[in-house]
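Undergrad: everything below, folded, please.
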Amino acid sequence: MRVMLPLQVPRRWFCRVIPLTVFTLLLLYLSARSLRAWPLPSPALGGTQESRTSGPKPPPGALTAPPRLSPGALSGCPSGTQSCIPEGLPPFQVRQQSGPLEAPEREEPQCLGPQGMLGRMMRPFRASLNPEGDVELSQYLAGWRELVKFLTPLRSIFAFATSEAFIKVTALEARVHGPDAAHYTSLAAMVTWERRAGLLEPPGIAPRDLAKSSGSRTMLLLHRALRWSQLCLHRVATGTLGGPDAGVQCSDAYDTALAPYHPWVIRQAARLAFLAFPGRGRLLELACPGTREAEARAALARAAGTLEDVYNRTQGLLAERGLLQLA
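TA: Prediction:
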């Protein structure tokens, strides 16, 4: 007897969810022993952002985030709210929140240098912000490639996220270097061309083949993923000792940046994957190997600040052109 799926549940979601769920369960099984040793955060994953980011006060002398980074600062919202638009900012931008942390005055760590993991990622993203207020696509995509290289070794939920990002980066690069490359030099130029040529999809309509998707829609999807990466890295860098671990903080970032655009089954699979998320120490070691924790935190906060600058510029350009609901 053939079992028919409910009409309201598209088959394509099951095709995407089943491999992710199997991969997640395998990760959980392999990391079961180490998970037993990890202290579980008391706040539930479904709680508010403030309930997850506020923990016991660290002992005197312990490393903490700067005073200006209080709980809720990541969203600029008052306590007890999920999300809001910070006062005094245009509705399409987020409050500047990432920045250098206080660290002992030392020579700049190698991870921020030309050969360092964070340095290689930050340079093209910075270069993408041109003086005219636009975003250079070739540099933006080069920055994304370095970000994927940084996140890939972390596995867990990053394995799925980076594979999705790589597909989108490759698709947009095909346009940047394709026959219409002259129209894909920057974000503003791309949107102008695709709107004039009738290439923009109606809002909410997703092409089955990503290669046939407009560059503007692909850019919007990468833009949302960049926000998640920026929030996750910033919270890892500035989290207080004894507070929520990296998995909880990056799960919060997912709820803020990506979950509103994902169906229920994908959201549940992602939350399962965060249980196998690497700890803060692993993230800091990968970001800035061979340095003290305070220096690694400061370097990671600087990298998150660069991603935030790119996000704010891109958010403004997309909002001004009415493209935030394109996908």
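
Undergrad: list the backbone torsions phi and psi for residue 186.
TA: Phi and psi for residue 186, reported as degrees, to the nearest 10, are phi -150, psi 170.

Undergrad: from residue 215, how far out is it?
TA: Remark: distance between residue 186 and residue 215 (CB to CB, to the nearest Å) = 11 Å. Bear in mind the C-beta positions are built from the backbone N, C-alpha and C, glycine included.

Undergrad: so residue 321 sits against residue 191, correct?
TA: Yes. Counting by CB atoms under 8 Å, residue 321 does reach residue 191; the two are 5.2 Å apart.

Undergrad: between the two, which is the more surrounded one?
TA: A direct count of neighbours by other CB atoms under 10 Å for residue 321 and residue 191 places residue 191 higher, at 24 against 16.

Undergrad: and residue 244, which of the three is it?
TA: Under DSSP: H, G, I helix; E, B strand; the rest coil, residue 244 falls in the coil class.

Undergrad: just the CA trace of the helix or strand harbouring residue 228, in CSV.
TA: Using DSSP states H and E, residue 228 sits in helix 215-238. What follows is helix 215-238 as a C-alpha-only set of coordinates in CSV (Å, rounded to 0.1, in the frame of the first residue of the first chain):
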residue,chain,number,x,y,z
GLY,A,215,22.3,36.9,-8.4
SER,A,216,20.4,39.2,-6.1
ARG,A,217,18.5,36.3,-4.5
THR,A,218,21.7,34.3,-4.0
MET,A,219,23.3,37.4,-2.5
LEU,A,220,20.5,37.7,0.0
LEU,A,221,20.8,34.1,1.1
LEU,A,222,24.6,34.5,1.6
HIS,A,223,23.9,37.8,3.5
ARG,A,224,21.7,36.0,6.0
ALA,A,225,24.2,33.3,6.5
LEU,A,226,26.9,35.9,7.1
ARG,A,227,24.8,37.4,9.9
TRP,A,228,24.7,34.1,11.6
SER,A,229,28.4,33.6,11.3
GLN,A,230,29.1,37.1,12.6
LEU,A,231,26.8,36.7,15.6
CYS,A,232,28.2,33.3,16.5
LEU,A,233,31.8,34.4,16.4
HIS,A,234,31.1,37.6,18.3
ARG,A,235,29.3,35.8,21.1
VAL,A,236,32.0,33.2,21.4
ALA,A,237,34.7,36.0,21.6
THR,A,238,32.8,38.0,24.2
